[in-house]
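Chemist: Predicted structure and sequence below. I'll ask about it afterward.
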Amino acid sequence: MTSTAAADVATIGPDDLPARAADLLAGGARLALVAGHDDRATGAGLRAVYLFTGAGTGGRTELHVPLDAAHPHVPSLAAMSFPAGRFEREMRDLFGIVPDDHPLPRRLVRHFHWPRGWYPMLADAGEPPAFGEVDGPYPFRTVDGAGVYEIPVGPVHAGMIGPGHFRFSVVGETILKLKARLWFVHRGLEKHVQGRPVAEALPIAERISGDTTAGHTLAFCQAVEDASGIAVDEDTCRLRAVVLELERLYNHVADIGASATTSATPSSTPTPAASASGCSASTSTSPGTGCSAARSASAPPPSSGCPTPRRWPRSPPTSPTSSTSLSGTAWCATGSPAPPSSPASRPPTSARSATSPAPAGSTSTPGATTPRS
């Protein structure tokens, strides 16, 4: 068993590229990668490589397009494949290969302070030149209207994620438009790997992204194995799959945890007026209690006169007049009277209905939304 399926490789001219790509996409393939190559050291010119993968089959097709180094142009595939648009912009920034008729031909990787005409992945690029004048402001689209705010985030973030600038146009909690600008750090990892033995290049692959160490490392290993014709046994493939799944789960858990710690507490929602028994007036009742007959296993006993309790979104709240912690089942969502065992305790304002009286000295507004931190 090999780690990757053998690829069908075809060398075509630039004029034949759109038709061949259209046939592959119509057959269910997807464009997985577009990469530039500098083959001038071997007496050739530049080369653009388009990698298509079959959906669910693992089949691969590579289209190699040799280009004139003095005039490296290819027809753009952005109109038929969304990923092609960014791949082509990256290839232009790094190799100077121009995608003709691209719908959005501005820079992607090289920001506006990079000098014109310098393409870092060319073999004769040399050392990076000094940054030049900023080539105009970045073209953000402004969203106008009543109540619209722009919220900039980044480009420096906490954690292991890379830098990125995000500009949100919002009305309240509704995001009207988000513009993401990435590629603030171009470390030239491909250049660092060129000419190195595999054992020295592997640690570089591991450090491409701190949250995807296993993924990038395995991709590098599979590329080396594919180029060298190395077969990988099934036990190794299974072990790799387990490591990838652990990394995927870790990222999901980390993102969920980050969302939980940065999201605001849900705002209070007015509930129907409480009846004399402390139950919601809109609920069906059961004989003898006046409360809803539908209860969860953890609900208070019928004698408390409470319907199914609200679950607190975070840690159990604390009474405004006492340091005693309350469990999530101690209070009705409608603000019914306290249980006999703790007459002085009251639920926090956000858990009471708009019709419940506020504690003495309180300035909270019923139904007010808790501001987001």
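Modeler: Arrived safely, thanks for sending.

Chemist: pLDDT score for residue 11?
Modeler: The model reports residue 11 with a pLDDT of 95.

Chemist: Likewise for the one 10 residues further on?
Modeler: On pLDDT, residue 21 comes in at 96.

Chemist: Just confirm residue 243 is within a strand.
Modeler: No. Under DSSP: H, G, I helix; E, B strand; the rest coil, residue 243 sits outside any strand and is assigned helix.

Chemist: Quick check: it vs residue 220, distance?
Modeler: Distance, residue 243 to residue 220, by CB to CB, to the nearest Å: 14 Å. Every C-beta, even on glycine, is put in place using the N, C-alpha and C of the backbone.

Chemist: between the two, which one's more packed in?
Modeler: residue 220 (18 against 15; other CB atoms under 10 Å).

Chemist: did I read that right, the more buried one in a strand?
Modeler: No. Residue 220 sits outside any strand when classified using three-state DSSP, being helix.

Chemist: Can you list the residue ranges for helices in the stretch 1-150 of the chain?
Modeler: Taking DSSP state H, counting those that start in this stretch as the criterion, the stretch 1-150 of the chain carries its helices at 17-26, 82-95.

Chemist: Can you list the helices and strands that the shortest one packs against?
Modeler: Packed against helix 17-26 by the contact rule (3 or more CB pairs under 8 Å, 6 or more residues apart in numbering; DSSP states H and E) you find strand 46-54, strand 60-67, strand 73-75.

Chemist: Ok, which of those comes nearest residue 253?
Modeler: strand 46-54 (28.7 Å; CB to CB).

Chemist: Please list the residues outside the closest one that contact it.
Modeler: 7, 17, 21, 24-25, 28-40, 59-69, 72, 74, 77, 91, 95-97 (CB atoms under 8 Å, 6 or more residues apart in numbering).

Chemist: Now, of those, which are buried?
Modeler: Burial by neighbour count, 16 or more other CB atoms under 10 Å: within those this picks out 17, 21, 24-25, 29, 31, 34-38, 60-61, 63, 65-67, 69, 72, 74, 77, 91, 95-97.

Chemist: Let's have the helices of the stretch 1-150 of the chain in CSV, adding distance to residue 141.
Modeler: Shown next, in CSV, are those (distance: least, CB to CB, whole Å):
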stretch, distance to residue 141
helix 17-26, 29
helix 82-95, 17
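
Chemist: so where's the chain shaky on pLDDT?
Modeler: Scanning the chain for pLDDT under 70 picks out 1-6, 56-58, 135-137, 159-161, 263-373.

Chemist: thinking again about what came up before, comparing the helices of the stretch 1-150 of the chain, which comes out most buried?
Modeler: Ranked by mean neighbour count, these are led by helix 82-95 with a mean of 20 (mean count of other CB atoms under 10 Å).

Chemist: Now residue 180: closest residue in space that isn't a chain neighbour?
Modeler: residue 166 (5.3 Å; CB to CB, 6 or more residues apart in numbering).

Chemist: and residue 212, how many neighbours?
Modeler: 17.

Chemist: hang on, it packs against residue 247?
Modeler: Yes. Counting by CB atoms under 8 Å, residue 212 touches residue 247, with 7.0 Å between them.

Chemist: mind checking which of the helices and strands packed on helix 17-26 is nearest residue 182?
Modeler: Comparing the helices and strands packed on helix 17-26 under CB to CB, the one sitting nearest is strand 46-54, at 21.5 Å.

Chemist: For the closest one, which strands pair with it and how are they oriented?
Modeler: strand 29-38 (antiparallel), strand 60-67 (antiparallel) (DSSP bridges).

Chemist: In CSV, list the ones you listed along with distance to residue 87.
Modeler: CSV is the format used below for the strands paired with strand 46-54 (distance: least, CB to CB, whole Å):
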stretch, distance to residue 87
strand 29-38, 3
strand 60-67, 13
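
Chemist: mind checking which of these is nearest residue 44?
Modeler: strand 60-67 (6.5 Å).

Chemist: and that closest one with helix 82-95, angle?
Modeler: 40 degrees (axes from the mean of the first three to the mean of the last three CA atoms, to 10 degrees).

Chemist: For the helix or strand containing the residue nearest to residue 180, which helices and strands make contact with it?
Modeler: Using DSSP states H and E, residue 166 falls within strand 165-171. With contacts taken as 3+ CB pairs under 8 Å, 6+ apart, strand 165-171 sits against strand 149-153, strand 174-181.

Chemist: wait, isn't residue 191 in contact with residue 121?
Modeler: Yes. Here residue 191 reaches residue 121: they are 7.1 Å apart, a contact under CB under 8 Å.

Chemist: Since that was my last question, I'll sign off now.
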